[in-house]
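A.B. asks: Here is my input; please provide its structure:
(chains A, B, C, D, E and F)
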Number of protein chains: 4
Amino acid sequence: MRYAKNVVKAIRQRLTRRESRLETRTRLLESATQLFARGGYEGASVDLIAESAGYSKGAFYSNFKSKEAIFLELLDVHKRREIDALAQLLAQDVPASELVSLIRNSESSRVSDFDFGLLSAEFQLQACRDKTFAKTYAKLHRTHVDTMAGLITKLFVKLDRTPPSEPRDLAEIIMALTTGLSLQRTSVQGPLRKGFLTAAILQVLGLGPSEGDR
Amino acid sequence: MRYAKNVVKAIRQRLTRRESRLETRTRLLESATQLFARGGYEGASVDLIAESAGYSKGAFYSNFKSKEAIFLELLDVHKRREIDALAQLLAQDVPASELVSLIRNSESSRVSDFDFGLLSAEFQLQACRDKTFAKTYAKLHRTHVDTMAGLITKLFVKLDRTPPSEPRDLAEIIMALTTGLSLQRTSVQGPLRKGFLTAAILQVLGLGPSEGDR
Amino acid sequence: MRYAKNVVKAIRQRLTRRESRLETRTRLLESATQLFARGGYEGASVDLIAESAGYSKGAFYSNFKSKEAIFLELLDVHKRREIDALAQLLAQDVPASELVSLIRNSESSRVSDFDFGLLSAEFQLQACRDKTFAKTYAKLHRTHVDTMAGLITKLFVKLDRTPPSEPRDLAEIIMALTTGLSLQRTSVQGPLRKGFLTAAILQVLGLGPSEGDR
Amino acid sequence: MRYAKNVVKAIRQRLTRRESRLETRTRLLESATQLFARGGYEGASVDLIAESAGYSKGAFYSNFKSKEAIFLELLDVHKRREIDALAQLLAQDVPASELVSLIRNSESSRVSDFDFGLLSAEFQLQACRDKTFAKTYAKLHRTHVDTMAGLITKLFVKLDRTPPSEPRDLAEIIMALTTGLSLQRTSVQGPLRKGFLTAAILQVLGLGPSEGDR
DNA sequence: CATGAATGAGTATTCATTCAT
DNA sequence: TATGAATGAATACTCATTCAT
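C.D. replies: Residues are numbered from 1 along each chain as shown, chains lettered A, B, ... in the order given. Next up is the predicted model:
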């Protein structure tokens, strides 16, 4: 997570200006992800983010207008990544059984990323407190819900079943569950027990533990 | 939420020393609950907590050893309140149908408390970051889960049904869901739509929306 | 150094009002001596002084107008004690040889009091910083010097010798040496090596290590 | 002692980054020396030190890790300066008579620095109270004593005389005397009367006021 | 006289941000 | 673009002092 300064420099020389800038941004975003997840918005100082990416404060401010700005960008990046993953599943024409296990994998891999859950909670907490942030968050959240609802609908069509509630409600519940469980597991027992979340999600969808694999 | 200083003084004069001290503690705890919920641990300054309760910083520190101390006490108070509510339900000998609606009410009233969900998330976030805090949190969480698991077991016995998973797992899921939905709703659309959480919980328990009332 | 509250109370009941007050004052002064010596003026809080004497802050302020006041009183008490000790020696009609060893003992016993040296330095430091304090200090210091100078004069008369310098200068030097060595020894190696100070003083007086005993 | 902000800025612009930083450090150290000497460790606030050097609190903390750090650095600087001065005398091959007057001058010039004595006392007081500080202090003190003892030995060799006690003991006494007299004079009558200290030192060395110049 | 709750000014320290290099 | 020195507002916490009981 921490790159030696000379390594950073050596790499940088092989890149064009444009690439170099992108590189810097990317590295800073990576550092920020980890530090915000582990220490929260307040706990991650600009200095630390920059330093742990191998740069100085100055580089940070050359690339991001403010601490809030990088946090917003992070929100955007992470939410979009989530949404894209779901959208891809939606686009592919896979059989139902496979779809369920794909969802399962997508969810579990996402959460196996130690940081994601905490970051997600942190995003929501900030949204509760900051109006600007809330707007951006709400918009992305809506898209996220819509996409997941689409996927749920498709799944139930393929299974030739009726979803137990409104797909959008189910999507909301699944997302809440994901964040809630991450938070709980990290705070109580360390990383989430694998399979636990998937099982819970299938339950919410009314697809018993076994049913999904039929 | 904010008491005028003269009001505070007027009240104080009618109380004995001991009562007065208790009053101060209580007021500070109330202010702290709200401010921690709205602004997070970092966002709520000791100064603000004291002032919004109608006291000075000094009063805060003559009642609590530190900011961390009041936060821990808050955690304790809130968790115990939750646990006690469940324990009472567990002790009462009510028919199944009523139990379900009692659970429903308990959950929804709990969440209608605007602050609880956020505070709960904040507690967990702190537990992720601070070891001392994590210990206290884990202990209370375990009791909470146990109590809720007991209630779930009892419910299924009365319904003469088998729970869809381990009662303790179900309890964990319900708690995660509660926190997750509070967080989500507050961050996206303001307070949680009533009945939504109850519905979700019943779903997790495998008691379809209607089934619970049978 | 710390008296249990019930012990204090029990004792207090046997005393008249006047005695009780004196008792309180005395105890507070004792505590203050130790705490000022160990922690300096800033390091000793009123709370601590009161508590370690077995009282509350209130008792402190019933007996002393302020923290500065008790410090000034302490200065007075300690300086007078020193001066009185010297004055007594001066009054007694003892042979020279004995006088030297009396001085020796007085000095060393004074310094064996772990706290005295530090307190003395603390007094002087305060005098450098606070004008009011400086006045009181200067007056007492003058008396101290005069008394010691008288003693030195007497000593040399008895020895039928001439002092190596002005007796008052010698007195100043001896006092400086006493404070300086206490400070040095406490800061570097713990309590002062016994006899070291006496030897140094005799040297200053031009009475070689052996000469004094002649 | 206090630099106007515009003056500071004007100067700063003519310096390179590195020089500028050094300048800041130096100025802060100067201010700290004076303020610690006049107000003691507690009495000199970081704010005041920074402001009286013409900087903000932030500048202080970008140059020193903490208040303790600058105090330790000050101790180091001042002690080393003392030691170096003595070491130089030791290295030079001067005749005895000159050596005595050099010592005399070195001592008196050292003390004419109004702040040194108080600072020295303050260092020792801190060493009595803080273990970390005590360690650093003890080490420097030992070197100081050794160097001065070397000088004393050399002096007596040149004079073809025997020192009245162990050179190291004499060194300790001289140092204690220096601190003690500074303290006393500052607290009672303002700066030390010139020549008084030198005379006292010569006396301790058994070189009567006149003898040294023989 | 003694208690201890409450006050509020003061302290060290952190950190987002700016800007000359 | 990147650096890092400097700023200054904000924060947790301490402590001498007051005053109602």
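
A.B. asks: Which pLDDT value does the model give A:Ser62?
C.D. replies: With respect to pLDDT, A:Ser62 has a value of 95.

A.B. asks: In contact with it, which residues?
C.D. replies: Shown in contact with A:Ser62 (Cβ atoms under 8 Å, 6 or more residues apart in numbering or on different chains): A:Thr24. (Glycine included, C-beta is placed from N, CA and C.)

A.B. asks: Relative to chain D, how far out is it?
C.D. replies: With the distance defined as Cβ to the nearest Cβ, to the nearest Å, A:Ser62 ends up 18 Å from chain D.

A.B. asks: Please export the C-alpha coordinates of the host helix or strand of that residue as CSV.
C.D. replies: Using DSSP states H and E, A:Ser62 sits in helix A:57-63. This file holds the C-alpha atoms of helix A:57-63, laid out as CSV (Å, rounded to 0.1, in the frame of the first residue of the first chain):
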residue,chain,number,x,y,z
LYS,A,57,0.2,16.8,0.2
GLY,A,58,0.9,19.0,-2.8
ALA,A,59,0.3,16.2,-5.2
PHE,A,60,-3.0,15.5,-3.6
TYR,A,61,-4.2,19.1,-4.0
SER,A,62,-3.0,19.1,-7.6
ASN,A,63,-5.3,16.2,-8.3
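
A.B. asks: is any part of it close to DNA strand E?
C.D. replies: Yes: counting by Cβ under 7 Å from any atom of the strand, DNA strand E has neighbours in helix A:57-63: A:57-58, A:61.

A.B. asks: Adding distance to A:Lys154, write the residues you listed out as JSON lines.
C.D. replies: JSON lines is the format used below for those (distance: Cβ to Cβ, whole Å):
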{"residue": "A:Lys57", "distance to A:Lys154": "47"}
{"residue": "A:Gly58", "distance to A:Lys154": "48"}
{"residue": "A:Tyr61", "distance to A:Lys154": "45"}
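
A.B. asks: any idea which of those is closest to chain B?
C.D. replies: A:Lys57 (20.6 Å; Cβ to the nearest Cβ).

A.B. asks: Test my guess that the closest one contacts A:Ile49.
C.D. replies: No: here A:Lys57 lies out of contact with A:Ile49, judged by Cβ atoms under 8 Å, at a distance of 9.1 Å.

A.B. asks: Neighbour count for the two, which is higher?
C.D. replies: A:Ile49 (25 against 14; other Cβ atoms under 10 Å in any protein chain shown).

A.B. asks: what sits against the more buried one?
C.D. replies: A:28, A:31-32, A:35, A:60, A:70.

A.B. asks: can you check A:Gln126 too?
C.D. replies: Neighbours of A:Gln126 in contact, by Cβ under 8 Å, 6+ apart: A:41, A:71, A:133, A:137.

A.B. asks: And the third one, how far from A:Asp115?
C.D. replies: Read it as A:Phe133. 19 Å (Cβ to Cβ, to the nearest Å).

A.B. asks: More neighbours: those two, which one.
C.D. replies: Neighbour tally, A:Phe133 and A:Asp115, criterion other Cβ under 10 Å: the higher count belongs to A:Phe133, 21 against 17.

A.B. asks: What does the pLDDT read for the more buried one?
C.D. replies: Looking at A:Phe133, its pLDDT stands at 90.

A.B. asks: and it, how far is that from B:Ala199?
C.D. replies: Counting by Cβ to Cβ, the gap from A:Phe133 to B:Ala199 is 29 Å.

A.B. asks: A:Leu86 contacts A:Val145, doesn't it?
C.D. replies: No: assessed by Cβ under 8 Å, A:Leu86 is found out of contact with A:Val145, at 10.2 Å.

A.B. asks: ok, and the residue nearest the centre of chain A, which helix or strand is that part of?
C.D. replies: Nearest to the mean C-alpha position of chain A, counting by Cα atoms, centre = their mean, stands A:His78 at 4.3 Å. Assessed by DSSP H and E, A:His78 sits inside helix A:67-91.
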